[in-house]
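1. Next comes the sequence, and after it the predicted model I'd like to discuss.
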Amino acid sequence: MSSSEVVDKPMVSIAIPVYNQAATISQTIESALSAVQGLSGAEVIVSENHSNDGTSDVVAKYSSKVKVVRPDHHLGMAASWNYAVKCCSGQWVGMLSGDDQIFPSYIPALRAAISLDPDAVFAMGGWNTVNAQTGAKARRRVLSLPAVTKSPMATRALIHGPKASFASYCFLKAGFDAVGGFDQDYHLAQDWILQFRLSLLGSFVKTNVVIAEYFTGQDRADLEYSRVPLYLEDLATFCSSTIWEAAECGLPRLRILDACEQHIAMAESILARFPDWKSTGDEILRSAYERIGRERVAELPKARIAEVIAKAKQRVRQLAEMIIPA
């Protein structure tokens, strides 16, 4: 591959880590095979995580068409994702769950987005959310970001939450390695944390072309209830430590504080829905409350000075308008 082809048509790997999804993995693999058909510099990797429901038998049928890998033993979710990426040879890697599907537009659209900026580390497209129970579809796009978002502007967006669904993006593998991959200290937010940390490294690029379908609505109410402490632990870790990595890249601490307080408000709304978790939730969030309190106290004098300066400037402008004729 020539140097120009590396820039214009980078090698893209589609990684599919799968565990106990025998009913859907065939459609996922078929969609990936359709997406790479006729394209050079593209591969499909299926990482079978020691399933016990027949998934491995389904995957084995595709062994002549895709690269099938398997860890030595069953891995947790983030470790399984990291293993799948490790087995990829592409400069860029896209990830699919075992029930997602992608369209033939997937690789051409993402390659076009990647070509927009040599500093790109993350490329995203549009996607459809599909309700797994009703089949209802809704089109989604990241309209809040332009085609190219440089760091730290990308970080400013990511501190409030993820911007792309799992099936609708790819990332620079070198960037993935640089940030340590999917963070195994998180329970549910590994995907978002990866996006956040990549935003500290380089540009986010996007296309509005719809390239994937992401299935939602599979979770039962009891499963959602049981995940409350996991969600809160992730949020506490993010607000008490991870998010402050953005300050090292120049993002104002007051902006980070505002984002933390928004996340805490969301956590409080979750606890309002599930009052049984209130006392446990308060204890889980203690580290986040303490960090926010310390940072708010430290920034308060600066905030007051900035407010005084802003009011002074406004007063000067008003006087100028009175003195200088229109």
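-> Done, it's in. Remember, it's a predicted structure, so these values are computed and weren't measured experimentally.
2. Centre of the chain to the longest strand along the chain, how far?
-> As assigned by DSSP state E, the longest strand anywhere in the chain is strand 203-216. Chain-centre distance of strand 203-216: 11 Å, with CA atoms, centre = their mean, to the nearest Å.
3. likewise stretch 160-178?
-> Computed by CA atoms, centre = their mean, the chain-centroid distance of stretch 160-178 equals 5 Å.
4. before we move on, back to that, tell me which residues of the longest strand of the chain are tucked away?
-> Across strand 203-216, burial judged by 16 or more other CB atoms under 10 Å covers Ser203, Phe204, Val205, Lys206, Thr207, Val209, Val210, Ile211, Ala212, Glu213, Tyr214, Phe215. Where C-beta positions appear, they are placed from N, C-alpha and C, glycine not excepted.
5. Now pLDDT and distance to Val121 too, for the residues you listed, in a markdown table please.
-> Shown next, in a markdown table, are the buried residues of strand 203-216 (pLDDT from 0 to 100; distance: CB to CB, whole Å):
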| residue | pLDDT | distance to Val121 |
| --- | --- | --- |
| Ser203 | 97 | 7 |
| Phe204 | 97 | 7 |
| Val205 | 97 | 9 |
| Lys206 | 96 | 13 |
| Thr207 | 96 | 16 |
| Val209 | 96 | 20 |
| Val210 | 95 | 22 |
| Ile211 | 96 | 18 |
| Ala212 | 96 | 19 |
| Glu213 | 92 | 25 |
| Tyr214 | 85 | 22 |
| Phe215 | 77 | 27 |
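6. quick revisit: parallel or antiparallel, list what pairs with the longest strand of the chain.
-> Strand 203-216 sits in its sheet next to strand 101-102 (antiparallel), strand 120-131 (parallel), strand 148-149 (antiparallel), going by DSSP bridges.
7. For those strands, give me CSV that also has mean neighbour count and distance to Lys137.
-> Rendered in CSV, the data for the strands paired with strand 203-216 read as follows (neighbours: other CB atoms under 10 Å; distance: least, CB to CB, whole Å):
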stretch, mean neighbour count, distance to Lys137
strand 101-102, 24, 12
strand 120-131, 23, 5
strand 148-149, 20, 27
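8. Relative to Gly181, tell me which of these wins on proximity.
-> The closest of the strands paired with strand 203-216 to Gly181 is strand 120-131. By CB to CB, the value is 13.5 Å.
9. Point out where the chain drops to low pLDDT.
-> Filtered on pLDDT under 70, the chain yields the residue ranges 1-8, 217-221, 223, 324-326.
10. which stretches of it form helices?
-> 3-8, 25-36, 55-60, 77-86, 106-114, 153-158, 173-178, 190-199, 221-226, 228-240, 253-273, 278-284, 286-323 (DSSP state H).
11. Thanks again, I'm all set now.
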